[in-house]
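Asks: got a predicted structure here, sequence first:
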Amino acid sequence: RALRYLRQAASKASSRWAFREAARYLELALEVFGQLPNRDDMAEQEIDVRLELRTALMPAAQTSRIAEIIQHAVALGERIGDRPRLALAYAYQAYSAIELCHQPQAVESAHRSLALAEEIGEPVLTLSARHVLSQVYYTLGDFRQAIEVARPALEASEEIVVDALLKRTYAAIPFYLLHSRAEVGLFREALLDAEIMMRRAEAAGHPFAIAVLGVGVGYMHVRRGVAAQAIPVLERGIKFCQTYSIEIQIPWASSCLGLAYAFTGRHEAGIEYAQEGVQRGEALGLTRFQPLRVTLLANAYLLAGRYQDALDAARNALELARRYRERGPEAWALYLIAASAAMFEPEERKEVLDGYLAALNLADELGMRPLVAHCHLGMGQLRQRSDRNSDAKVELSRAFEIYRQMDMQFYLRQAEADLQAIH
């Protein structure tokens with residue numbers, strides 16, 4: 001009777017998006033399970049409570065507690081052989097593993113989840129598994145694989161996805177498809193995907209999904225160089241995060257908004273928000289994406305002309321990216337180190353050029369075409385300042401062509417102006 005009351009109370013709290021209240025009831029429910037003489041008879045219920053508790057704890061970034069809860073859920077699922085519950089538990093285990101930088105376990109658990117879900121043939125389970133596996137690949141810098149995994153999830157019917165969202169299964173939307181497409185320069189496809197995802201999230205009125213999508217869409221616009229379009233989306237996303245206590249998304253939203261402000265010349269506000277993103281990430285104990293947030297801060301410093309701060313932040317980002325094995329942010333950090341160092345002296349220096357080349361090689365390996373173009377642009381400008389106009393023209397022409405292919409108009413105009421200055 002106590003369990004029934006606590007689960008009902010938690011469900012009502014969740015329906016109001018009161019995640020902390022729901023978590024308190026579910027923690028009490030786990031205590032009740034601990035007092036039962038024979039827990040195996042209620043293993044299915046205990047797994048359900050653990051899975052529900054994970055969902056309630058996630059907005060507050062309680063990653064270590066989530067990992068502990070899900071470890072027991074997986075063990076229970078394996079013991080009783082409950083495949084549907086086990087598929088979801090594996091997905092949640094992969095999520096907590098990637099948050100805690102346990103990459104091999106994250107990959108293994110995510111693959112187990114997807115294999116089980118597809119074997120069972122349950123659409124929502126399969127969507128959740130694809131969401132988790134795609135974000136694991138995105139975190140590791142395997143953007144093309146992340147796209148490959150996430151893309152089929154977007155083909156699910158509107159009815160299935162909206163119904164799943166109404167039941168508070170936010171992973172029915174492949175959010176990291178947007179981030180991955182942005183990193184490889186597939187902006188047109190990302191814009192179309194974003195329309196579909198946002199329509200579904202809005203139809204379900206799911207605040208967590210709307211907030212996460214706001215960050216994804218804003219990030220995509222920032223990477224494309226259209227900050228004016230990014231700002232209102234990110235500002236709305238932050239408001240949703242604050243209203244519904246979605247603390248885990250605030251650091252990334254703040255960092256993206258900071259860089260967007262910096263792109264539009266609002267340097268003081270941009271740096272303030274970018275700093276807040278990094279500080280909030282540290283306060284929440286978030287390791288995943290912290291290297292990326294620090295690169296966004298470095299970029300904001302660079303745009304504001306605070307070159308030493310930009311260089312220091314970029315070096316910090318590089319150290320974090322290598323520690324946490326996040327290769328995308330590693331490539332961005334290498335580029336920002338070179339771009340910041342290039343501002344100190346007008347003449348070409350070997351270490352700056354080597355920095356651009358290191359960033360270029362890694363970006364090319366990961367398929368990060370916007371960053372590849374930025375590296376060519378940076379090397380072209382460097383050689384132009386050293387009066388090596390022939391070499392500068394080659395690099396600037398490469399940047400121009402890549403920007404043209406991706407319709408990155410802001411940077412295309414910059415490369416075109418630099419080319420015209422040579423002639």
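Replies: Here it is on my side, so go on. Not measured: the values here are computed from a predicted model. Residues are numbered from 1 along each chain as shown.

Asks: can you get me a residue count around Q8?
Replies: Neighbour count of Q8, defined by other Cβ atoms under 10 Å: 11. Glycine gets a C-beta too; all of them are placed from N, C-alpha and C.

Asks: got it, and C256?
Replies: Neighbour tally, C256, other Cβ under 10 Å: 33.

Asks: and it, how far is that from I80?
Replies: Distance, C256 to I80, using Cβ to Cβ, to the nearest Å: 43 Å.

Asks: T243 now?
Replies: Per Cβ to Cβ, T243 is found 39 Å from I80.

Asks: and those two? Which one has more around it.
Replies: Neighbours were counted for T243 and for I80 using other Cβ under 10 Å; I80 has more, 14 against 11.

Asks: element containing the nearest residue to that one once chain neighbours are set aside, please.
Replies: Computed as Cβ to Cβ, 6 or more residues apart in numbering, the closest residue to I80 that is not its neighbour in sequence is A43, at 4.9 Å. In this structure, A43 sits in helix 43-57 according to DSSP states H and E.

Asks: repeat for L419
Replies: Using DSSP H and E, L419 falls in helix 409-422.

Asks: how about F344?
Replies: Going by DSSP H and E, F344 is not in any helix or strand.

Asks: now do the same end-to-end measure for stretch 334-354.
Replies: Using Cα to Cα, to the nearest Å, the end-to-end distance of stretch 334-354 comes out at 10 Å.

Asks: return the set of buried residues in stretch 399-408.
Replies: A399, F400, I402, Y403, M406, M408 (16 or more other Cβ atoms under 10 Å).

Asks: quick one: the third one and A363, what's the gap?
Replies: Per Cβ to Cβ, I402 is found 11 Å from A363.

Asks: what of the last one?
Replies: Taking Cβ to Cβ as the measure, M408 falls 15 Å from A363.

Asks: and if you look at the second one?
Replies: Distance of F400 to A363, computed by Cβ to Cβ: 17 Å.

Asks: with the fourth one instead?
Replies: Taking Cβ to Cβ as the measure, Y403 and A363 are separated by 14 Å.

Asks: extract the CA atoms of stretch 261-272 and return them as PDB.
Replies: Only the C-alpha atoms of stretch 261-272 are listed here, as PDB (Å, rounded to 0.1, in the frame of the first residue of the first chain):
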ATOM      1  CA  TYR A 261      26.200  37.300 -28.000                       C
ATOM      2  CA  ALA A 262      29.900  37.600 -28.700                       C
ATOM      3  CA  PHE A 263      29.300  37.100 -32.400                       C
ATOM      4  CA  THR A 264      26.900  40.000 -32.400                       C
ATOM      5  CA  GLY A 265      29.300  42.300 -30.700                       C
ATOM      6  CA  ARG A 266      27.800  42.000 -27.200                       C
ATOM      7  CA  HIS A 267      31.200  41.000 -25.800                       C
ATOM      8  CA  GLU A 268      30.600  41.700 -22.100                       C
ATOM      9  CA  ALA A 269      27.300  39.800 -21.900                       C
ATOM     10  CA  GLY A 270      28.800  37.100 -24.100                       C
ATOM     11  CA  ILE A 271      31.700  36.500 -21.800                       C
ATOM     12  CA  GLU A 272      29.500  36.600 -18.700                       C
END
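
Asks: for it, the averaged confidence score.
Replies: Stretch 261-272 shows a mean pLDDT of 97.

Asks: in that stretch, which residues are buried?
Replies: Buried residues in stretch 261-272 (16+ other Cβ under 10 Å): Y261, A262, F263, R266, H267, A269, G270, I271.

Asks: do the same with stretch 48-64
Replies: For stretch 48-64, the neighbour count (16+ other Cβ under 10 Å) marks 48-63 as buried.

Asks: which one of the residues you listed is nearest to L311?
Replies: Lowest distance from L311 to these (Cβ to Cβ) belongs to A61, with 29.6 Å.

Asks: isn't L100 right next to T63, touching?
Replies: Yes: at 6.1 Å, L100 counts as touching T63 under the criterion of Cβ atoms under 8 Å.

Asks: secondary structure element holding Q93?
Replies: Per DSSP H and E: helix 83-99 holds Q93.

Asks: I'd like the next helix or strand past that helix.
Replies: Scanning onward from helix 83-99 (DSSP H and E), the first element met is helix 103-120.

Asks: about what we covered before: what helices and strands are in contact with the helix holding Q93?
Replies: Contact analysis of helix 83-99 by 3 or more Cβ pairs under 8 Å, 6 or more residues apart in numbering; DSSP states H and E lists helix 43-57, helix 63-80, helix 103-120, helix 123-140 as its packing neighbours.

Asks: now the third one against helix 83-99, angle please.
Replies: Regarding helix 103-120 and helix 83-99, their directions subtend 160 degrees when assessed with axes from the mean of the first three to the mean of the last three Cα atoms, to 10 degrees.

Asks: distance between helix 103-120 and the chain's centre?
Replies: Averaging C-alpha positions (Cα atoms, centre = their mean, to the nearest Å) puts helix 103-120 20 Å from its chain's average.

Asks: ok, now the second one?
Replies: Remark: helix 63-80 is offset 24 Å from the chain centroid, using Cα atoms, centre = their mean.

Asks: one step back: what residues of the helix holding L419 count as buried?
Replies: Of the residues in helix 409-422, those buried (16+ other Cβ under 10 Å) are Y411, L412, Q414, A415, D418, L419.

Asks: other SSEs contacting that helix?
Replies: Against helix 409-422 (3+ Cβ pairs under 8 Å, 6+ apart) you get helix 369-385, helix 389-406.

Asks: out of the ones you listed, deepest packed?
Replies: A comparison of the helices and strands packed on helix 409-422 by mean neighbour count, using mean count of other Cβ atoms under 10 Å, puts helix 369-385 on top with a mean of 23.

Asks: now that one, how far from the centre of its chain.
Replies: Counting by Cα atoms, centre = their mean, helix 369-385 comes out at 26 Å from the chain centroid.

Asks: I am finished for the moment; much appreciated.
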